[in-house]
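Chemist: What shape does this take:
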Amino acid sequence: MAITKNTPTITDPDLQGSRLTGHESWHAFEIMAEFVGATERLKEISPAVSIFGSARTQPDSPYYQLAEQIARRLSDAGFNVISGGGPGIMEAANKGAYGGKSASIGLNIELPHEQTENAYQDISQNFKHFFMRKVMFVKYASAYVVLPGGFGTLDELMEVITLVQTGKTLKIPIILVCEPFWRGLVDWIKTTLVNEGMIIADDLDLIQVIDDPATIVEAIFRHYETRGFKLSPAEEQIQLYL
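Modeler: Numbering: from 1, shown residues only. Now for the predicted structure:
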């Protein structure tokens, strides 16, 4: 028996009154303007390292203090440091970089909870769109350093792993900090995901777990020692289509 489907078409009045409104068209231009503005502002910041972690971490937390130490070492080693510009680990990263030799960069966004701009930013870039902000975290990063965090941190971590795994961005160091915090996740990836065939065993090489700030800096330099930080034309093309 044939099934009759009520498939919407572009001539449907309901579509003309919602999805095809002038408001949606202007919103597309707003997205373009935000992308162009952020690209122009950030295009000279490489080499840079993006640091992630919880917005809820307090300054007296060992995680906060460790993030600050890592950021300061990276800054003094010549890396600009990118964070989400808010409190917690983001603030610690910006604070450490702000006291160092290289730039402290905050990619700020207004959220209903938690996100207020911290005071330790040499370069501040504001975003309305979450997805645009996430592109900029990856687009200019020579490495990802991920400290303990919640859903937002896990989102950023899994996104960059996926982009590297699929070749949609360059292979860069992805470093998890505070081994006890990440142990359960790493064990689950090693067992469940590999054993179920959801990933291959070689995908485990995409991430490293390092707790010592000096060793983190060394690992990033070691990754680039034979190729340098400058992108080839082919690599620039890859980053263009993030």
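
Chemist: For the rest of this, base every contact and every neighbour count on C-alpha atoms.
Modeler: Fine.

Chemist: For the chain, which segments count as strands?
Modeler: Using DSSP state E, the strands of the chain run over 48-52, 80-83, 104-109, 123-127, 143-146, 174-176, 208-209.

Chemist: Just put these in a markdown table and tack on distance to Trp188.
Modeler: As requested, the strands of the chain are arranged in a markdown table below (distance: least, C-alpha to C-alpha, whole Å):
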| stretch | distance to Trp188 |
| --- | --- |
| strand 48-52 | 21 |
| strand 80-83 | 27 |
| strand 104-109 | 31 |
| strand 123-127 | 34 |
| strand 143-146 | 18 |
| strand 174-176 | 15 |
| strand 208-209 | 15 |
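
Chemist: winner for burial among those?
Modeler: Highest mean neighbour count of the strands of the chain: strand 80-83, a mean of 28 (counted as mean count of other C-alpha atoms under 10 Å).

Chemist: And that one, what does it pack against?
Modeler: The elements that strand 80-83 packs onto, with contact taken as 3 or more C-alpha pairs under 8 Å, 6 or more residues apart in numbering; DSSP states H and E, are strand 48-52, helix 62-76, helix 89-98, strand 104-109.

Chemist: Can you give me the buried ones in stretch 95-105?
Modeler: Residues of stretch 95-105 classed as buried by neighbour count (16 or more other C-alpha atoms under 10 Å): Lys95, Gly96, Ala97, Tyr98, Gly99, Gly100, Lys101, Ser102, Ala103, Ser104, Ile105.

Chemist: Kindly report the same for stretch 170-182.
Modeler: Of the residues in stretch 170-182, those buried by neighbour count under the rule 16+ other C-alpha under 10 Å are Leu170, Lys171, Ile172, Pro173, Ile174, Ile175, Leu176, Val177, Cys178, Trp182.

Chemist: nearest spatial neighbour of the most centrally placed residue in the chain, skipping sequence neighbours?
Modeler: The geometric centre of the chain, computed from its C-alpha atoms, lies nearest to Phe137 (C-alpha atoms, centre = their mean), at 3.9 Å. With C-alpha to C-alpha, 6 or more residues apart in numbering as the criterion, Phe137 has its nearest non-adjacent residue at 6.2 Å, and that residue is Ser50.
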